[in-house]
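Novice: return a 3D structure for these sequence lines:
(2 chains)
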There are 2 protein chains.
Amino acid sequence: MDVTIAIDCMGGDFGPSVTLPAAYRFLQSDPHASVILVGLPEVEAAVGREKPRFGERLRFQAASETVGMDEAVASALRVKKDSSMRVAIGLVKDGQAQAAVSAGNTGALMAISRFVLKTLPGIDRPAIATTLPTMAGYTYVLDLGANVDCEPQHLLQFGIMGAMLFSAVEHKERPSVGLLNIGEEDIKGNEVVKQAGELLKGSGLNFYGNVEGDDIYKGTTDVVVCDGFVGNVLLKTSEGLARMLATFLREEFGRNIFTKLAALFALPALNAFRKRVDPGRYNGASLLGLRGIVVKSHGSADNFAFTKALERAAEEARNRLVERISERMAQHKPQTTAQ
Amino acid sequence: MDVTIAIDCMGGDFGPSVTLPAAYRFLQSDPHASVILVGLPEVEAAVGREKPRFGERLRFQAASETVGMDEAVASALRVKKDSSMRVAIGLVKDGQAQAAVSAGNTGALMAISRFVLKTLPGIDRPAIATTLPTMAGYTYVLDLGANVDCEPQHLLQFGIMGAMLFSAVEHKERPSVGLLNIGEEDIKGNEVVKQAGELLKGSGLNFYGNVEGDDIYKGTTDVVVCDGFVGNVLLKTSEGLARMLATFLREEFGRNIFTKLAALFALPALNAFRKRVDPGRYNGASLLGLRGIVVKSHGSADNFAFTKALERAAEEARNRLVERISERMAQHKPQTTAQ
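Specialist: Residues are numbered from 1 along each chain as shown, chains lettered A, B, ... in the order given. All right, here's what the predicted structure looks like:
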């Protein structure tokens, strides 16, 4: 199926030096995809040189400004009305593209997406979902920081959106949904989580019940739902732990001439291990609950990782993610009003 | 300094088969320590055989029942009034021991400790703190699950207790305290965390400010404060991730004859790595805010790890942890009332 992705090519730590080659790589591997690169006018010449290879599948759209990685959301949203980020999202709004991808500032991307695209009926708050590798495959976790003080119905909506995302991207009809909780028996969960559990039980989703922190990497359920505070902490804690373990491993192999020699022998296994847990493979967090598809790439994504985010966006568009969420929410409405 | 530790020798996944040898190992390495082993009468004979080695430093106290690892807290607290766990804590209450250690059911241990020992003046809720290894050394994180719905003043109290624990055990006068938060600029933190930040700023502690999930393993601060829900999730998520990475590493080295050979060469480095991140080295979570010292060992602790929990308890007792918290809270009282 033909699909067009709008790319904010100024976003991320490396800007066009990563986003352009990734876009070409993506076009090469996906012959039914087109891209609209949105960037400052000076980027156009570079893009023009690749036009002969891709023809109409590669277009450029100029924007007059960019959103800084640490820029205040208010400024990005209210002042920079012609930023590459905003123009890319506008292309989704206008129907010229089916998805937008940016490696820029997450807060700004969410705020602009929400302002330009609006939320779907029944969705109070959009959420951010990411994919984590597990012992069993992948688990999709949401929310990752867009919503801090959540009500039970928000967690329910995250469950619905997460399930629709999983079914769209992983092609599984009724993915299992777990609610992140803690296990101490007498103090199980806080009030919001308890009530969210009741709502999820009655939701018609394939609700597994409560899961605990260690269930995420076990891969106990396809989707794990939590509030944005907890999701953000668990994601960043995981990043920090993985980095520390990698450093320790490197240090132990670098300790002396014998361990360095051993590292040489161990290189194939160590590289296979590194590749397996490379977060670039799972790059691309989905902004869910909007009237359009927006994917956030990690700011430090390289060429390979940014391509993964583009593939994710194309997959979501081709599998009608927005329509799935919207249809499921429409079905769901009478239930939420009834309780 | 002489110190006596009361040990619930029935607790944990392995009971006396771990707790007894660990107790002997502890007595051997610490000539100024004594232990009172609390267990079912049938354990006494085994303990008796070791009496000649340790004399008065090794005592046995019988209890008529045990608390199950999955037993309901209510039953452990209200029905089993002569459990090994309760008798051990009672010895602290009576002043016969300066600390109690158990590898049993956390919920029951907290409930019984609270009921028997009571909380210190000014402490609304006791907390559980653990030590995590970091790039820089160790970080103490609390709360880990005793308190789910926290108010700002509870987080402040956790900060005070955590700082006193760190200074008692790590011998650093003014340990830095970080408040766990999330970084998305427009949605920074929830209301409770924001208010807790204000309280911590005015507390006189060496308050670093907000930290994020990845700061924990970076070792940005000596102490990290969060509510029990977040703390429990981050700890269990870390356990799950570490287990997954270890499994993947093992799988990659086990893939074929070449990688297996490489693993043989790499064994010294891999073992050094494993030892460095062995959670047994940091075994022993502290129950804080009580009128006595109680340390919880991991249920699956082995001989080595359980010894670490005993050492932790002795260190806390010798460095007057309870008095430190109590004195700091007394100092602090006028400030909290003033705000």
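Novice: alpha carbons only for contacts and neighbour counts from here, please
Specialist: OK.
Novice: A:Phe207 sits in which helix or strand?
Specialist: strand A:206-211 (DSSP states H and E).
Novice: what's next to that strand, contact-wise?
Specialist: With C-alpha atoms under 8 Å, 6 or more residues apart in numbering or on different chains as the test, strand A:206-211 has contacts from A:174-182, A:197, A:200-201, A:220-221, A:224.
Novice: between the residues you listed, which is closest to A:Ala74?
Specialist: Of all the contacts of strand A:206-211, A:Val224 has the smallest distance to A:Ala74: 30.7 Å, by C-alpha to C-alpha.
Novice: remind me, longest helix of chain A?
Specialist: For chain A, the helix with the greatest residue count under DSSP state H is helix A:228-253.
Novice: and the very next helix or strand once past that one with chain B, contact?
Specialist: Remark: after helix A:228-253, the chain's next helix or strand is helix A:257-277, criterion DSSP H and E. Yes. For a cut-off given as C-alpha under 8 Å from any C-alpha of the partner chain, helix A:257-277 has contacts with chain B, namely A:Thr259, A:Ala262, A:Ala263, A:Phe265, A:Ala266, A:Pro268, A:Ala269, A:Leu270, A:Ala272, A:Phe273.
Novice: can you name every helix or strand that helix A:257-277 contacts?
Specialist: Applying 3 or more C-alpha pairs under 8 Å, 6 or more residues apart in numbering or on different chains; DSSP states H and E, one finds that helix A:257-277 contacts helix A:228-253, helix B:228-253, helix B:257-277.
Novice: buried sites along the last one?
Specialist: When burial is assessed from 16 or more other C-alpha atoms under 10 Å in any protein chain shown, helix B:257-277 yields the following buried residues: B:259-260, B:262-263, B:265-266, B:268-270, B:272-274, B:276-277.
Novice: can you list contacts of it?
Specialist: A:248-249, A:252-253, A:259, A:262-263, A:265-266, A:268-269, B:133, B:252-254.
Novice: can you redo the buried residues of helix B:257-277 as TSV with pLDDT?
Specialist: Compiled in TSV, the buried residues of helix B:257-277 are given as follows (pLDDT from 0 to 100):
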residue	pLDDT
B:Thr259	86
B:Lys260	87
B:Ala262	84
B:Ala263	85
B:Phe265	82
B:Ala266	85
B:Pro268	86
B:Ala269	86
B:Leu270	87
B:Ala272	87
B:Phe273	86
B:Arg274	84
B:Arg276	83
B:Val277	81
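Novice: on that earlier part again, remind me what the longest helix of chain A packs against, helices and strands.
Specialist: strand A:137-142, helix A:257-277, helix B:213-218, helix B:228-253, helix B:257-277.
Novice: how does it look with 6 Å?
Specialist: Using 3 or more C-alpha pairs under 6 Å, 6 or more residues apart in numbering or on different chains; DSSP states H and E as the contact test, the elements touching helix A:228-253 are helix A:257-277, helix B:213-218, helix B:257-277.
Novice: how much distance is there from that helix to the middle of the chain?
Specialist: Per C-alpha atoms, centre = their mean, to the nearest Å, the displacement of helix A:228-253 from the mean C-alpha position of its chain is 19 Å.
Novice: that one vs helix A:257-277, what angle?
Specialist: 150 degrees (axes from the mean of the first three to the mean of the last three C-alpha atoms, to 10 degrees).
Novice: pull out the buried positions in helix A:228-253.
Specialist: A:228-245, A:248-249, A:251-253.
Novice: now the angle from it to strand A:137-142?
Specialist: 140 degrees.
Novice: before we move on, back to that, and the strand holding A:Phe207, which strands flank it?
Specialist: Note on strand A:206-211: by DSSP bridges, its sheet partners are strand A:176-180 (parallel).
Novice: got a list of contacts for the strand it pairs with?
Specialist: By C-alpha atoms under 6 Å, 6 or more residues apart in numbering or on different chains, the surrounding residues in contact with strand A:176-180 are A:206-212, A:221-226.
Novice: tell me the one of these nearest chain B?
Specialist: For these, the closest approach to chain B (C-alpha to the nearest C-alpha) belongs to A:Glu212, at 6.8 Å.
Novice: where does the stretch 201-339 of chain A dip in pLDDT?
Specialist: Scanning the stretch 201-339 of chain A for pLDDT under 70 picks out A:333-339.
Novice: run the last query once more with 50
Specialist: Applying pLDDT under 50 to the stretch 201-339 of chain A picks out residues A:334-339.
Novice: which positions in the stretch 101-250 of chain A make contact with chain B?
Specialist: A:148-149, A:190, A:213-214, A:217, A:230, A:233-234, A:236-237, A:240-241, A:249 (C-alpha under 6 Å from any C-alpha of the partner chain).
Novice: turn those residues into a markdown table, including distance to A:Ile89.
Specialist: Below are those laid out as a markdown table (distance: C-alpha to C-alpha, whole Å):
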| residue | distance to A:Ile89 |
| --- | --- |
| A:Val148 | 24 |
| A:Asp149 | 27 |
| A:Asn190 | 37 |
| A:Gly213 | 34 |
| A:Asp214 | 36 |
| A:Tyr217 | 33 |
| A:Val230 | 28 |
| A:Val233 | 28 |
| A:Leu234 | 29 |
| A:Lys236 | 27 |
| A:Thr237 | 31 |
| A:Gly240 | 31 |
| A:Leu241 | 34 |
| A:Leu249 | 42 |
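Novice: and the residues you listed, which is closest to B:Lys81?
Specialist: So of these, ranked by how close each gets to B:Lys81 (C-alpha to C-alpha), first place is A:Asn190, at 29.2 Å.
Novice: who's in contact with that closest one?
Specialist: A:Asn190 sits next to B:Val148, B:Asp149 when contact means C-alpha under 6 Å, 6+ apart.
Novice: tell me the pLDDT at it?
Specialist: Looking at A:Asn190, its pLDDT is 80.
Novice: let me see the backbone angles for it.
Specialist: Dihedral pair for A:Asn190: phi -90, psi 180, per degrees, to the nearest 10.
Novice: any idea how far it lies from A:Asn256?
Specialist: 50 Å (C-alpha to C-alpha, to the nearest Å).
Novice: just A:Glu191 next, same as before
Specialist: The gap separating A:Glu191 from A:Asn256 is 54 Å, by C-alpha to C-alpha.
Novice: what's near enough to touch A:Arg243?
Specialist: A:Arg243 neighbours (C-alpha under 6 Å, 6+ apart): none.
Novice: equivalent analysis for A:Lys172, please.
Specialist: Contacts of A:Lys172 by C-alpha under 6 Å, 6+ apart: none found.
Novice: count of residues packed around A:Arg53?
Specialist: A:Arg53 has 13 neighbours, counted by other C-alpha atoms under 10 Å in any protein chain shown.
Novice: just the element for it, please.
Specialist: helix A:44-54.
Novice: so how far is that helix off the chain centroid?
Specialist: 28 Å.
Novice: buried residues in it?
Specialist: A:Glu44, A:Val47.
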